[in-house]
Structure formats: structure tokens, C-alpha cells
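Asks: Have a look; sequence and predicted model below, questions after that.
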Amino acid sequence: DSLNGQLKMANEEVSRWMLKSRETESSLSTVQRGAEQSSSAERSAASQNLAKTERIKELRVALTTALNDRNEAKARVQEQDRQLELASLAASAEAERVQDLQSELKSMQKLSEQQVKVAN
């Protein structure tokens, strides 16, 4: 009887340890799944951050290109404005020269007319 009682108690103890072992395995599995999901989420977040970083780099390049294009266009417009101003100054000088020549021509015509009158 005593031996059967001890055997029964030992069996109960083994059953408790087996139950605890299964609970521990289940807990470990849960922790492992959580870690895998967390790791997966971290990898996904890292991947998203990398994609965002690449997109930011692309946008910076596009912005730099656009700014350079704008500055080049602005420089071309300024050069065209300068050329237009020079052309305008040249046209004004030419118009003034034409007026001076016309005045000189009129003076010469008057002088010529006077000389004709004197000669007659």
C-alpha cells in the first residue's frame, strides 16, 4: 500500500511536471511567434523607411534639377533682357544719328539755296 501510494504520488508529480512542461512550451511558442511577428514588423518598418529615404533622395535630385533649370532659364532671360537693352540703346543712338544727318542735310539744302540765290 505504501509503495502504491508513493507510486501514485510520483505519477501525479510526473503529470504536474508534464502539464507545466506543456504550458512552458506553449508560452515559449507564443513568445517566439510574438518575436517573429515583432521582427517581421520591424523588418517591414525598416523596409518602408528605406523606401521613404530613397523617395526623399529622388525628390531632392528632382528638386535640385528643377532649381538648376530655373536658374539657367532665369540667366537666359537676363541675358536676353541685356541684349534687348543694348539693341534699344543702339536703335536710340541710330535714330539720333539719323536726326542729326537730316538736320545737317536741311542745313546744307538751305545753304545751297542761299548760294543759288546769291549766284543769281
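Replies: Thanks, I have it. Fair warning: this is a prediction, and the values are worked out from it, not measured in the lab.
Asks: Assign Lys110 to helix, strand or coil.
Replies: helix (DSSP: H, G, I helix; E, B strand; the rest coil).
Asks: Sorry, wrong one. I was asking about Ser47.
Replies: Per three-state DSSP, Ser47 ends up helix.
Asks: quick one: pLDDT of it?
Replies: Looking at Ser47, its pLDDT stands at 88.
Asks: Burial check on it, number of neighbours?
Replies: 10 (other Cβ atoms under 10 Å). (C-beta placed from N, C-alpha, C; glycine too.)
Asks: how much space between it and Arg55?
Replies: Separation of Ser47 from Arg55 (Cβ to Cβ, to the nearest Å): 13 Å.
Asks: tally of neighbours for Ser2?
Replies: Ser2: 6 neighbours (other Cβ under 10 Å).
Asks: just the strands in this structure please.
Replies: Applying DSSP state E to the chain gives no strands.
Asks: low pLDDT regions in it?
Replies: In the predicted model of the chain, no residue satisfies pLDDT under 70.
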